[in-house]
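Undergrad: please find the sequence and the predicted model below.
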Amino acid sequence: MTRHLSRRTVLGGLAGTAAAGALAGCGNGTATGGGGTKGGVLNVWGGVPAESGPDDLIKAFNEEYPNIKVTYTRYVNDDQGNVKLDTSLQGGVPIDVFFSYNPANVKKRSSLALDLTERIAGDPDLAQFAADADPINNYVFDGKLFCIPAALAPINVYVNEAMVQEAGITLPETWDIDEYVEVARKLTVPGKRYGSLNSPSVARATLGPNSNYTADGRSNFAHPTFAEELELNLAMQKEGIRMPQSQVLAEKLKVFPHTPFLAGRVAMVIQSGHLVRYIGDTKEYPHDFRTICMPPPAPERGKAYWNTGQIGDLMSISSKTKNEENAWTFVKFWVLNAGKYMIKGGRLPSIVGDAEPADMIAQLLGPERDELYDPASWERFLFSDELKVAVDTQFAGATQINQIMEKLTDEVLLGDRTVDSWVTEAVKQADAAIATSP
Amino acid sequence: MTDITTVTAERVVPAVPAARRRARGPGGVSTRVGWLFILPNLLGFAAFTVVPLLSGVAIAFTDWDVVSGFEGLQFVGLANFVELAGDAAFWGAVRRTLTYAGFGVPLTMIGGLALALALNGEVPGRAALRVIFFIPHIVSSIAIGFVWLLLLNPTSGLVNLGLTALGISEPPTWLVSQDWSLPSLILIAVWSGVGFHAVIYLSALQSMPTDLHEAAAIDGAGPLRRFFTVTWRSLMPTTTFLLITSMISQSQGFGLIAFLTQGGPGESTTTMSYLMYQNGFQYYRFGYAAAIGVTSFLGVLVLSVFFWRLQRNRGLYT
Amino acid sequence: MTATTLPEPTHRVPLRNRPVARARRYAKAIVLWTLAVGFLLPFGWMLSSSLKRNLDVFSIPVRWIPDPVQWANYADVWVGEDSIARYFANSLLVSLTGVVGDLLTSSMAGYAFARLTFAGRDRIFLLYLATAIVPTQLLLIPRFMYFQQLGLYNTLWALILPGIFTVFGTFLIRQFFVAAPPELGEAARIDGANEWQVFWRIYLPLARPVLAALGIISFVGSWNDYETPLIMLSDKTSYTVPLGLTQFVDADGGLSAGLAMAASVSSVIPIVIVFLIFQRNFIAALAHSGLK
């Protein structure tokens, strides 16, 4: 149920590819793909902009397989974009490989995707993604696999170093929520900036995988950690150390909070890795501070907790593809080589392949990393043994439940609903969603 | 009269043998011709409206996610409707749709009528005014949505900056407030539509026979009384027409909601059309979504019949 | 005819020039023009924002004149793969074809329902009426499935076809023709004109105003449609304007406000120009369309 990027994984990845590389030397079917290298066109749909990695990866793929042509279509990973992908898949637009960015979507699309269980089981390079792997590193639906995760996307805290130094704070290597709040408090300048854009997770960080469900498959929102998390959120907002939710909504900062962070209006942001894309874009977002990476604060000091990120870049092969072998070749190549090409867009690979950790940091943070970041803090975080990302196995009514949670939380933070009411409503609506889910 | 007829006939067609002239009357040539005339429209209508409508209604009795093709189609009888009846989200959506239409449509029409009455007299630059008020109607609703998103921004939008300048210290947060999001949408809809209504009303006013007005004035009716007995009554057909077009453009309200608020914050802008979209395209519960659509259709039907009966005997010439 | 006239009032100021009336007129003009300026404000802001950099659009304090002036926004919107010109072309194609088709089929059907008698006429019209108020959303998924089967998914036909065969158009035209004098047709028939000629040469020209009105309403409706293209189109190259406008997000999906405004202005100006050119015709059409 856990997934972490550790030196062990690095070595494991290295070993895997090295062994496979040896096989390739024998001239029989390469390690990086299935048998088919006959020509054809592959249509790939993904949410990452082409220039943030996919173009490079596809170029490398073409060097290895010159007679498979790949067209990459980018869809924006928001509501509208996902509807576009779904209607296109359903409508018969030729799509061979597509990416999903959360498991609920994979489940939705499962009848449009090929069952990859057999292929994965039969491939030693991909053993970690098998349905019965331990720790589990893929999403399993009724014992079947419809995707392979190509990326690991943990959540971390981005901290403005200049502000920290100005306030005379020394950041510990790890921290808990109380300490986080204290730092946010110290970094808040009323009228000018908020200490934090958002608040840390309590529920999922404590509960880990399937945090939304009880052991018998009903909704879990009566668990005290959910209420605790909301109270924390409200308290921080009330004290003025966290940006009010109305502003977050108005500026649509839930997924793209880079603007206020880079403009100096908030000191800290809890987000996933893709923010580095903006931090590195000094042309559009010039700024003069370094960014420190801190782990998300622990709900309870000393106790192990979960990182609320997820395994992502879920690659599926369309069930309507006419190019199954080539598609599989491509998918496998991508998964094994993402470590080299996708990092610059802020996406860590799920298989490190033969990339060196130092190289990965260099790629992730870019050539100006010493001016823009505190690279040591990044290395510490990403390769920490404590980093555990939860992988869910239950998905009943998942899309609906996510929506319900989001709406109710917005209502609480906007002051229109009490925390107790959140709990009762969440349980009621989520249970209904679970009951009526297909 | 004979001259006119001859002239017309000569312009249209040369003389025709008597035999043809006899084959007229119900069931004869007329019937065939009638059908030929309506055939193009009828065929297209059947193909692109009636058949999908029947299918849509049929889907409401199933549990289907479209994605799994026709094999995934499962008949569930009235289960969707039963669920609807007990679904708080549905009734909330009904309430919100009624609010949205119940305020939006009358406001637009009354605003349009007021504008038309104002423009009916002598006003400098009347033609220009007409154009100015009409333009929002023809501009893409997405473009309108974009600019209002900026204008209604709680901290940097013109509206709130103006309100704070006027002394209101904590202006509403509009599109991100649960209380103000629906009113914001109504505001935008009224702004877009009032010009269209004004133009229609204006043309109706300008072609209204003045003798009725004069007769009423001579009878001693004051301006207000005159308005209600003469003007309002003669505008009845126009009003009905505008009501119908308003109902049709209700579905375009969906575009604004999907773009600006995605049904939120919370559920405050989830109208029935958005709820349909959500259940269909986000949760993949197309059977349920179709049930919402069918219920919505029945509701509008009932309302329409009600209004039709209401105005049937209140027009000017009845 | 003897008419009783009142004695001419002499030396009296005409009613409309009395001070009270004049003041009221001025007040009315001021109110109307203030309102008009208010109406134009959003467009002014649109223009102003279109020339700002993305991060300046939301900045406080508010500036009407952008600094720096970002002309590049317009270049980005018009040039290149995602050029708005293509979306315009698509929208024009869909809306014009739809309108022409709609006018044709609706005028024929509306005329038939009003002026011809044939078996089943009233029952079919009732059917039309009943379906007029169906929410188009209910039809969306079935249409999606059928177009997919027919291979029309992701083509502009999926947008054009439903627009050609409308109930609204038929209804409108029928209402108009119901009030048309039957004598014209009778006279022509007596002289041997066939039904098509009666329709085409006599009644249809009468309907010019209502056709123009229908054309405008139909065009605007088609031009503004967001939901249908959202579902029916997959290829960006086929997008119509409303859908195309939502494409102006930056490379990562965040709202690119400056670009979006430039795109919006670009979509508004042509429409406004066309409208200004034809506005007298538009308004005249609506005025005489018999919608009263």
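TA: Structure's in. What do you need?
Undergrad: strands along the stretch 201-350 of chain A, start to end?
TA: With strands called from DSSP state E, counting those that start in this stretch, the stretch 201-350 of chain A shows them at A:266-272, A:291-294, A:310-317, A:348-349.
Undergrad: using TSV, lay out those strands together with distance to chain C, mean pLDDT and mean neighbour count.
TA: Yep, even glycine has a C-beta here, placed from its N, CA and C like the rest. Shown next, in TSV, are these (distance: least, CB to the nearest CB, whole Å; pLDDT from 0 to 100; neighbours: other CB atoms under 10 Å in any protein chain shown):
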stretch	distance to chain C	mean pLDDT	mean neighbour count
strand A:266-272	13	91	23
strand A:291-294	17	92	22
strand A:310-317	15	90	25
strand A:348-349	17	82	24
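Undergrad: just put those in TSV and tack on distance to chain B.
TA: Shown next, in TSV, are the strands of the stretch 201-350 of chain A (distance: least, CB to the nearest CB, whole Å):
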stretch	distance to chain B
strand A:266-272	14
strand A:291-294	25
strand A:310-317	13
strand A:348-349	29
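Undergrad: contact residues of chain A facing chain B?
TA: A:79-80, A:83, A:86, A:89-90, A:108-109, A:111-112, A:246-247, A:249-251, A:399-400, A:403, A:407-408, A:410-411, A:414, A:416-417, A:429, A:432, A:436, A:438 (CB under 8 Å from any CB of the partner chain).
Undergrad: contacting residues around stretch A:402-414?
TA: Here stretch A:402-414 makes contact (CB atoms under 8 Å, 6 or more residues apart in numbering or on different chains) with A:104, A:212, A:221, A:230, A:233-234, A:237, A:244-246, A:249, A:417-419, A:422, A:425-426, A:429-430, A:433, B:176-178, B:264-267, B:278, B:282.
Undergrad: and if you look at stretch B:163-172?
TA: Outside stretch B:163-172, the residues that reach it (CB under 8 Å, 6+ apart) are B:154, B:159-160, B:179-180.
Undergrad: again with stretch A:360-378
TA: Residues from elsewhere that reach stretch A:360-378 (CB under 8 Å, 6+ apart): A:161, A:273, A:276, A:279-280, A:282, A:290-294, A:339-340, A:343-344, A:346, A:348, A:352, A:355, A:379, A:382.
Undergrad: show me what contacts the residue of the stretch 1-150 of chain C at minimum distance from chain A?
TA: Closest approach of the stretch 1-150 of chain C to chain A (CB to the nearest CB) occurs at C:Gln148, with a separation of 5.0 Å. When contacts are counted by CB under 8 Å, 6+ apart, C:Gln148 touches A:90-92.
Undergrad: then C:Ile160?
TA: So C:Ile160 contacts C:93-94, C:97-98, C:101 (CB under 8 Å, 6+ apart).
Undergrad: that older thread, for the contacts of stretch B:163-172, give me TSV that also has secondary structure, distance to A:Glu51 and neighbour count.
TA: Compiled in TSV, the contacts of stretch B:163-172 are given as follows (DSSP: H, G, I helix; E, B strand; the rest coil; distance: CB to CB, whole Å; neighbours: other CB atoms under 10 Å in any protein chain shown):
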residue	secondary structure	distance to A:Glu51	neighbour count
B:Pro154	coil	34	22
B:Val159	helix	37	20
B:Asn160	helix	37	20
B:Asp179	coil	43	13
B:Trp180	coil	40	19
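Undergrad: pick out the lowest-pLDDT one from those.
TA: When the contacts of stretch B:163-172 are compared by pLDDT, B:Pro154 scores lowest at 81.
Undergrad: for chain A, see how far away it is.
TA: 5 Å (CB to the nearest CB, to the nearest Å).
Undergrad: leaving out sequence neighbours, find the closest residue to that residue.
TA: B:Thr173 (4.1 Å; CB to CB, 6 or more residues apart in numbering or on different chains).
Undergrad: can you flag which of the contacts of C:Ile160 belong to helices?
TA: Residues of the contacts of C:Ile160 located in helices (DSSP state H): C:93-94, C:97-98, C:101.
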